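Asker: Curious how this folds, go ahead:
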Amino acid sequence: MNTISEAASALREGRSSARALLDASRVAAESAASLNALAWVDWDQAGRAADALDAQARTGVPVGPLHGIPISIKDLFNVAGMPTRGGTRAPLHELGEAEASLVTRLREAGALIFAKTNLHEVALGATGENRWTGDVCNPFDPSRQAGGSSSGAAVAVARGIGLGAVGSDTGGSIRIPAAFCGVVGFKASYGAVPLDGGLHLSWTCDHAGPLARSVADCALLFEVMSGRSTRHGAVARKPRLAVPETWLRGRLQPAVREVFERLVASLRADGITVDAVDVPLITRGWEAYTPLVRAEAAWVHRRALADGGEGFSELVAPPLRAGLTVPAADYIASLKMRDALAAQLEAMLSHYDALIMPGNAVLPPKRGQTDIETEGGMMSVRDAVLGQTASFSFAGVPALVLPTAPVDGLPTSLQLVARRDADASLLALGRWFEARLTAGA
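Answerer: Below you'll find the predicted structure:
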């Protein structure tokens, strides 16, 4: 049972149990312990919760859509009875203690919240490398990056440590690890999923969302966390798609481009519109993203920085301190650019169902690698990775990543981007693409 949908059917029919699913998750966690996906787990506590869910199911009382399904939570969100450390040794002054609403909603739907997952320190990074907790390693090749910052969430899903996970995405922190770990990741429209009870990185760009083994599973988790239905989403005709060709030029590794262009060619061969479009503000949005996020992150952690910044590693302390010196004019200019990019995407996407592009520009880099070769020459890993995703969280529009054909045993992916609040339509399009990719088209 690789998906939530399959497991839920087995539970309803009495062919499985919450305890059995938890035991399978424990076996998977132990076999993949070296990948370092989990930040915290108490298997005895989780076992008691699973047994209580099974006892409830035996009473015949109607249960929620996630009853007995093991779900892990990024160690950025408060969960009752579990510590929240944010992948750092610094104090988290602004976090508070109340359980995150999204966690409570999952629990009320019957989910078995059993573990916390590791992350890039305070979510400020895209590699999954962490001096304090240890690197989260790629499940396809442990010498490579798992992506971040929701690195442990993606690895957990990829290795069957639970059937779904919750991550956060400020510049790509759900989509990048999903792409690198061969799973599905969904970043909903800005504000769709509540963020209370979670540690902010940038309140202007922060999102929460699911990682799972299928688009349908992500849709179900999104519905529970957001309280929004996706049943009205449909692909009732051949979709109209757009590729931001000018922006992609020079960004991709040749192997990634080959997979993507093969997909585009197959779509066009089937009579599906795939137009090349120019969205010039994507590049400027990426440039404006950094000062805004760093300034807001520095404000979130201002008390810890004022006390000397003890507990932040050398990977995270410099960009946090840089955020303290961002001029007000630059911060305001970033906000203005966010509005301009959102308006440009809205206008362009009024003619298309989605923008499509590779979920990541490159195959997973080696751990510790800081530069990478692309078709346009050498590029920093940060630019290659975050640059592929950040403008869409910056603009607050929904984006979905799902696996495509592997290259030399490493995953590639497809990213779909839609108009703001078109989450249901985007998920429906994601299911359409998933079926097509599974069929080998």
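Asker: Every contact and neighbour count from this point should use C-alpha atoms.
Answerer: Noted.
Asker: Give me the pLDDT for the residue lying closest to residue 131 once chain neighbours are set aside.
Answerer: Take residue 131 and drop its neighbours on the chain: the residue closest to it by CA to CA, 6 or more residues apart in numbering is residue 313, 6.4 Å away. What the model reports as pLDDT for residue 313 is 98.
Asker: do the one 10 residues further on as well
Answerer: pLDDT, the model's per-residue confidence, is 98 for residue 323.
Asker: So it versus residue 336, what's the distance?
Answerer: Distance of residue 323 to residue 336, computed by CA to CA, to the nearest Å: 18 Å.
Asker: Pick out whichever of the two has more residues nearby.
Answerer: Each of residue 323 and residue 336 has its neighbours counted (other CA atoms under 10 Å); residue 323 has more, 21 against 14.
Asker: okay, now the residue lying closest to residue 144 once chain neighbours are set aside: neighbour count?
Answerer: Distance criterion CA to CA, 6+ apart; nearest residue to residue 144, sequence neighbours excluded, is residue 366 at 4.0 Å. Counted with other CA under 10 Å, residues neighbouring residue 366 total 18.
Asker: what do you get for the one 5 residues further on?
Answerer: Applying the criterion other CA under 10 Å, we find 15 residues in the vicinity of residue 371.
Asker: Quick check: it vs residue 384, distance?
Answerer: 9 Å.
Asker: Next: residue 18.
Answerer: Distance of residue 18 to residue 384, given as CA to CA: 41 Å.
Asker: all strands in the stretch 151-300 of the chain, in order from the N-terminus.
Answerer: For the stretch 151-300 of the chain, the strands defined by DSSP state E, counting those that start in this stretch occupy 164-169, 184-187, 207-212, 240-244, 273-277.
Asker: Can you spell out which helices and strands pack onto the last one?
Answerer: Under the contact criterion of 3 or more CA pairs under 8 Å, 6 or more residues apart in numbering; DSSP states H and E, strand 273-277 touches strand 240-244, helix 245-248, helix 254-269.
Asker: okay, those, which one's buried deepest?
Answerer: Most buried of those by mean neighbour count (mean count of other CA atoms under 10 Å) is strand 240-244; its value is a mean of 19.
Asker: now it, how far from the centre of its chain.
Answerer: Remark: strand 240-244 is offset 22 Å from the chain centroid, using CA atoms, centre = their mean, to the nearest Å.
Asker: Okay, now the sheet partners of it, with direction.
Answerer: Here strand 240-244 is paired, per DSSP bridges, with strand 273-277 (parallel), strand 354-358 (parallel).
Asker: out of the ones you listed, nearest to residue 114?
Answerer: Minimum separation from residue 114 across the strands paired with strand 240-244 (CA to CA) falls at strand 354-358, 32.5 Å.
Asker: residues contacting the residue nearest to residue 131?
Answerer: Residue 313 makes contact with 88, 131, 132, according to CA atoms under 8 Å, 6 or more residues apart in numbering.
Asker: Show the model's pLDDT score for the last one.
Answerer: Right, the one you point to is residue 132. As predicted, residue 132 sits at a pLDDT of 98.
Asker: As CSV, the strands paired with strand 240-244 with distance to residue 251 would be great.
Answerer: Compiled in CSV, these are given as follows (distance: least, CA to CA, whole Å):
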stretch, distance to residue 251
strand 273-277, 16
strand 354-358, 10
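Asker: hey, which of the ones you listed is tucked in deepest?
Answerer: strand 354-358 (a mean of 24).
Asker: what's the following helix or strand after that one?
Answerer: Per DSSP states H and E, strand 354-358 leads on to strand 371-374 as the next helix or strand towards the C-terminus.
Asker: Just checking: what are the partner strands of that following strand?
Answerer: In the sheet, strand 371-374 lines up with strand 377-380 (antiparallel) (DSSP bridges).
Asker: and stretch 163-181, how far from the chain's centre?
Answerer: Per CA atoms, centre = their mean, the centroid offset for stretch 163-181 relative to its chain is 2 Å.
Asker: in which helix or strand would I find residue 139?
Answerer: Going by DSSP H and E, residue 139 is not in any helix or strand.
Asker: what about it, how many residues close to it?
Answerer: Neighbours of residue 139 (other CA under 10 Å): 23.
Asker: and the gap between it and residue 117?
Answerer: 15 Å.
Asker: And the helices and strands packed on strand 273-277: which comes nearest residue 275?
Answerer: strand 240-244 (4.7 Å).
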